[in-house]
Structure formats: C-alpha cells, structure tokens
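Visitor: model this:
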Amino acid sequence: MKILARQLTLDLYNCDTSRLDKVDEIKNTLNHVVGNEPRLSSDFIDEGHYSIIGAFSEGHIALHVYKELRYVSADIFTCTESEEPEELSKVIKQFFRPDKIKSTFLKRGDFGLEREVKPKIKVRVAPLRRVKNVGAKVVKKLVRRDKE
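Guide: Alright, predicted model coming up:
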C-alpha cells in the first residue's frame with residue numbers, strides 16, 4: 001500500500017547537559033543531514049525551553065529542548081516514500097546522548113485497513129541506565145533487610 005508520508009516522533013530523556021545549550025551546533029548538525037534547503041529557525045520560549053523548526057520541500061523537523069528537564073522532543077515528517085526519517089533520528093540521538101528514548105513511527109496518508117492505524121512505539125533504555133537502576137534497587141532491598 002502506498003503511503004503519502006512518514007512521521008517519526010522522539011522523546012529523549014536524560015540528555016547530555018553539555019549539549020542542550022548549543023543551539024547553533026544543533027542547527028549545523030541537522031543541516032549536514034538535510035542540507036541547507038530548510039532554513040532552521042530557533043525561538044527561545046522561556047529561559048529553560050527553546051525550539052528549532054525547519055520546513056523543506058519533502059517535510060519538516062521540529063525540536064523542543066527543555067534544559068532543566070534534560071528532555072528533547074523531536075518531530076520528523078517526510079512527504080516522500082523514498083525519504084527515511086530514521087537517518088535524521090540517528091543524528092539527533094547521537095548529538096543529545098539520551099539515557100532513554102521513546103520513538104513512535106506513523107504512516108501518514110495510509111489508506112489501508114482501519115485496524116492498521118496503530119502507531120509502532122519503541123522504548124530503548126541505555127545499558128548504563130539499566131545498571132544504575134538495578135544497583136539502586138538492590139541497595140534499597142539490602143537497607144530494608146538491615147532495618148528489619
């Protein structure tokens with residue numbers, strides 16, 4: 001079934017704090033993948049939140065960066081079947097270095113069966129984050145045992 005577009009949304013949690021303030025570097029990194037066609041514009045919404053948005057002939061990209069929360073939300077929309085939003089998502093993931101990623105993939109303009117409308121959702125947790133979480137749980141259980 002032919003589709004009109006693809007949309008990939010990303011939620012990046014616990015991003016590298018040293019990368020969250022570098023607006024111009026983020027824009028340059030995105031331009032390496034999508035080219036200079038989209039004029040990426042940035043807008044500071046408040047002290048801890050800014051957005052970077054760019055529209056181009058085959059789609060758009062929108063990033064919202066929340067510095068205090070160490071959270072980035074990304075929306076990658078491509079209008080052609082040949083374009084793959086995953087390539088751009090890899091660059092975004094490599095730049096921000098999150099501990100946890102939630103991605104949702106949508107086929108836009110898919111005129112197939114209604115039951116096929118559900119989006120595909122993936123959640124990935126960085127291996128080091130898993131080790132820290134398990135270690136913290138073990139320590140809590142040991143402390144509880146000592147108190148009893």
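Visitor: what's near enough to touch the nearest residue to residue 125 once chain neighbours are set aside?
Guide: Nearest residue to residue 125, sequence neighbours excluded (CB to CB, 6 or more residues apart in numbering): residue 100, at 5.0 Å. Bear in mind the C-beta positions are built from the backbone N, C-alpha and C, glycine included. By CB atoms under 8 Å, 6 or more residues apart in numbering, the contact list for residue 100 reads 12, 13, 14, 123, 124, 125, 126, 129.
Visitor: neighbour-wise, give me the winner out of the residues you listed.
Guide: In terms of neighbours by other CB atoms under 10 Å, the contacts of residue 100 top out with residue 12 at 25 neighbours.
Visitor: if I look at that residue, how far off is residue 93?
Guide: Applying CB to CB, to the nearest Å, the value for residue 12 to residue 93 is 7 Å.
Visitor: quick one: common contacting residues for these two?
Guide: Joint contacts of residue 12 and residue 93 (CB under 8 Å, 6+ apart) are residue 101.
Visitor: residue 64 falls within a strand, correct?
Guide: Yes - assignment of residue 64 by DSSP: H, G, I helix; E, B strand; the rest coil places it within a strand.
Visitor: so how many other residues sit close to it?
Guide: With other CB under 10 Å as criterion, residue 64 counts 16.
Visitor: so residue 93 touches residue 11, yeah?
Guide: No - because the distance of 11.3 Å does not satisfy CB atoms under 8 Å, residue 93 is recorded as not touching residue 11.
Visitor: identify the contacts common to the two.
Guide: Common neighbours of residue 93 and residue 11 (CB under 8 Å, 6+ apart) are residue 101.
Visitor: show me where the chain has strands.
Guide: 5-13, 41-46, 49-56, 59-66, 71-78, 100-108, 120-125 (DSSP state E).
Visitor: so which of those strands gets nearest residue 24?
Guide: Closest to residue 24 of these, according to CB to CB: strand 41-46, at 8.5 Å.
Visitor: what lines up beside that closest one in the sheet?
Guide: strand 49-56 (antiparallel) (DSSP bridges).
Visitor: what residues sit buried inside the partner strand?
Guide: 50, 52, 53, 54, 56 (16 or more other CB atoms under 10 Å).
Visitor: please work out how many residues are found near the closest residue to the third one other than its chain neighbours.
Guide: Across the structure, with CB to CB, 6+ apart as the measure, the residue nearest residue 53 apart from its sequence neighbours is residue 62 (4.8 Å). Other residues within reach of residue 62 by the criterion other CB under 10 Å amount to 15.
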